[in-house]
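Chemist: can't give you the sequence, but here's the structure:
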């Protein structure tokens, strides 16, 4: 104890137990701007990077939260209305003492909420539901998880603990809080508590001025219990977030017990179901499910939610930050093939935004156009040099005349003027790109086989990858558009004009495109019955007369033609160019005009100068942090602890084992040298040899004696390291040999 910093405080003649309470030190909260301070960079630009990143993410998160509220608004309103009307007839005061026991079986109101398989998003959804229920219907809401439902006692403890411990429950005479843990977890206890709570609420409503005062230090207030929106007998809502994971026997017993107390407790159940309502009938037998009055509620599919999120966040001129093709496709693949979680998709956007501002110096101008111009005017020479080093800007300089190249590379004032023009082009590009792309999506999303994709996210990914007109699927889509009927084409052009009108109203280019489409639509509407007539009538129509095939030019005598001559005449008529009808001419005009618009405005952003300012495409960094490989990380940590600890004591070469390694690393490296079965005693002796390898060999006699009886401390360290290795899945116990374990991994992994 002498080496301990508190050795003087623990000195004692006899053995004793000493307790040291930790000192209450306030943790220093780091400012997010501190993470952007790097030696060699500009302090002013670092502040701009950090503040801009924070502002942009706040704007994005506000839109995501507003979208989540809008998407779930209907389902939340229906669910709240169902819960509020589920127990409107509940009145325990109407019970008669001599009431016959053989009464009709009552059913528990149950809401089956189909949430989908996107489990990471369920917690936020149920949190919002609980908040609305507590605000509008009842303060008595319990959220039950499957981990608390291994037994009926655990389920009841979770229910009673949340209901009775949720609010500021105080006795009438003393300022003593009720200890929920010491209360028996039974339905009679819940009934007595509910009855007492209702009586307190009625007293509060009748005499609000006599409410007992609480201590000011208490954060939770009992005013929630006396909300004017609540009914006289607010219901008890029990929400099973993952009903399919609750043990069937426990859920059956709970429903059977709860059905016996419907006359005393206004219970309402909410089942969160990931698959379908049939899961209730698979889990519960008919005798139990008949006690439930089930009503189905369907949440919005996560794919629809993601589409709206992409439209509002990524396909919007409001947010200057954009994802590159690789990052966008990576996050989209994670969503479609991994977890269907919109929350994780937004977290991927957040990480991309943070890494973009941290590692990309050009992100200083990733803001609004006006703010970007102000920052550009105040840039120093060193900051402008960062723009000269950008790959896209070097390509732009190489395409300029020699004199212009010299000015761009040497004259800072001229460079600022050119950068302002380039920023203006990028701003106009984003204003026109999204409305025109949505216009193309309206034309092609309903075509057979969906060559450009059925969802807008698929078309957006194609536009980010390359110029859309250079893609084969683009030509295929326009080939299908070339055979549309008049009614279909008029409908598509009308929808395109609506999408363009939803864009930037002040852009002349968008307004000109919309006006041209409306003009073509008007011409198509005015065709009427003339749509199938040729554009120009030919006076000589003998070639179109079918009788000319079997009449000779010498006279009016009809002669039979041979099969060979008929074939030649048909081939000659097929070579003649067919005259287009008036509708076909207008259709060709419309498609040619739309093709020119798409070629002009749907340019790949990677081809634009200084696209690095707004577009983030470092997919390797995103994959390493978002979709990490735990197995590879564990193996790296065990094989080379220096990689994570960065300590010189763990620095080894050639795969050697040092005594300064963590115990689990030593045990792991030793087990790689063994076969399928590992002798624990030999393994421990090798571990002790490595750990004691750094000691002085002068103590040879002590080492000989230690072989007969190993050090208990080293034995404990070895056992702990082996247990950790077993927990990680590298070994397992075996009955094939005594004092042996089986190895589970091979090939140095």
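Modeler: The structure has been received and is ready for your questions. Computed from a prediction, not measured in an experiment: that's the story for all the values here. Residues are numbered from 1 along each chain as shown.
Chemist: Next up, the contacts around residue 612.
Modeler: Shown in contact with residue 612 (CB atoms under 8 Å, 6 or more residues apart in numbering): 360, 362, 390, 391, 392. C-betas here are computed from N, CA, C, even on glycine.
Chemist: For the closest residue to the first one other than its chain neighbours, give its distance to residue 341.
Modeler: With CB to CB, 6 or more residues apart in numbering as the measure, residue 612 is the residue that lies nearest to residue 360, at 6.4 Å, once sequence neighbours are left out. Distance, residue 612 to residue 341, by CB to CB, to the nearest Å: 29 Å.
Chemist: same deal with residue 567?
Modeler: Distance of residue 567 to residue 341, given as CB to CB: 65 Å.
Chemist: Tell me which of those two has more neighbours.
Modeler: Legend: neighbour count by other CB atoms under 10 Å for residue 567 and residue 341, higher for residue 341 (20 against 11).
Chemist: What residues does the more buried one make contact with?
Modeler: 118, 119, 120, 121, 302, 335.
Chemist: Of those residues, which pair is most distant in space?
Modeler: 119 and 335 (13.2 Å; CB to CB).
Chemist: how much space between the closest residue to residue 107 other than its chain neighbours and residue 282?
Modeler: Using CB to CB, 6+ apart and skipping the chain neighbours, the partner closest in space to residue 107 is residue 293 (3.9 Å). Residue 293 is 19 Å from residue 282, where distance means CB to CB.
Chemist: the more surrounded of these two?
Modeler: The neighbour count for residue 293 versus residue 282, taken as other CB under 10 Å, is higher for residue 293 (14 against 11).
Chemist: Apply the buried test to the contacts of residue 612 and list what passes.
Modeler: Among these, the ones that count as buried by 16 or more other CB atoms under 10 Å are 360, 362, 390, 392.
Chemist: rewinding a little: in ChimeraX, select just the buried ones from the contacts of residue 341.
Modeler: Buried members of the contacts of residue 341, defined by 16+ other CB under 10 Å, are picked up in ChimeraX with:
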select :118,121,302,335
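Chemist: So which of the contacts of residue 341 belong to helices?
Modeler: residue 302 (DSSP state H).
Chemist: Kindly reformat the contacts of residue 341 as CSV and extend each row with distance to residue 573.
Modeler: Formatted as CSV, the contacts of residue 341 follow (distance: CB to CB, whole Å):
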residue, distance to residue 573
118, 61
119, 66
120, 66
121, 64
302, 57
335, 56
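Chemist: By pLDDT, rank the contacts of residue 341 and give me the bottom one.
Modeler: Ranked by pLDDT, these bottom out at residue 119, which has 76.
Chemist: what residues are up against that one?
Modeler: Counting by CB under 8 Å, 6+ apart, residue 119 makes contact with 242, 274, 339, 341.
Chemist: Same question for residue 89.
Modeler: Here residue 89 is in contact with no residues (criterion: CB under 8 Å, 6+ apart).
Chemist: Quick check: pLDDT value at it.
Modeler: 79.
Chemist: And residue 625, by the same measure?
Modeler: Looking at residue 625, its pLDDT stands at 88.
Chemist: Please confirm that it is located within a helix.
Modeler: Yes - counting by DSSP: H, G, I helix; E, B strand; the rest coil, one finds residue 625 located in a helix.
Chemist: okay, now it: neighbour count?
Modeler: By other CB under 10 Å, 13 other residues sit near residue 625.
Chemist: right, and it touches residue 352 too?
Modeler: No - between residue 625 and residue 352 there is no contact under CB atoms under 8 Å: 9.9 Å.
Chemist: Check which helices and strands the helix or strand where residue 520 lies is in contact with.
Modeler: Element membership of residue 520, judged by DSSP states H and E, is helix 508-527. Applying 3 or more CB pairs under 8 Å, 6 or more residues apart in numbering; DSSP states H and E, one finds that helix 508-527 contacts helix 412-444, helix 486-501, helix 582-601.
Chemist: In the shortest one, which residues are buried?
Modeler: Translated: helix 486-501. Burial within helix 486-501, assessed by neighbour count using 16+ other CB under 10 Å, is assigned to 486, 489, 490, 492, 493, 496, 497, 499, 500.
Chemist: Could you do the last one as well?
Modeler: Going by neighbour count (16+ other CB under 10 Å), the buried part of helix 582-601 is 582, 583, 584, 586, 587, 590, 591, 594, 597, 598, 601.
Chemist: after the least confident helix or strand in the chain by mean pLDDT, next one along is what?
Modeler: Least confident helix or strand, the chain: helix 700-708 with a mean of 50, by mean pLDDT, DSSP states H and E. Once the chain leaves helix 700-708, the next helix or strand it forms, by DSSP H and E, is helix 712-728.
Chemist: what is the mean pLDDT for that next one?
Modeler: Throughout helix 712-728, pLDDT has a mean value of 92.
Chemist: in the protein, which segments are predicted with low confidence?
Modeler: For the chain, residues meeting the criterion pLDDT under 70 lie at 1-43, 93-105, 166-182, 205-229, 503-506, 528-560, 574-578, 694-710, 747-749.
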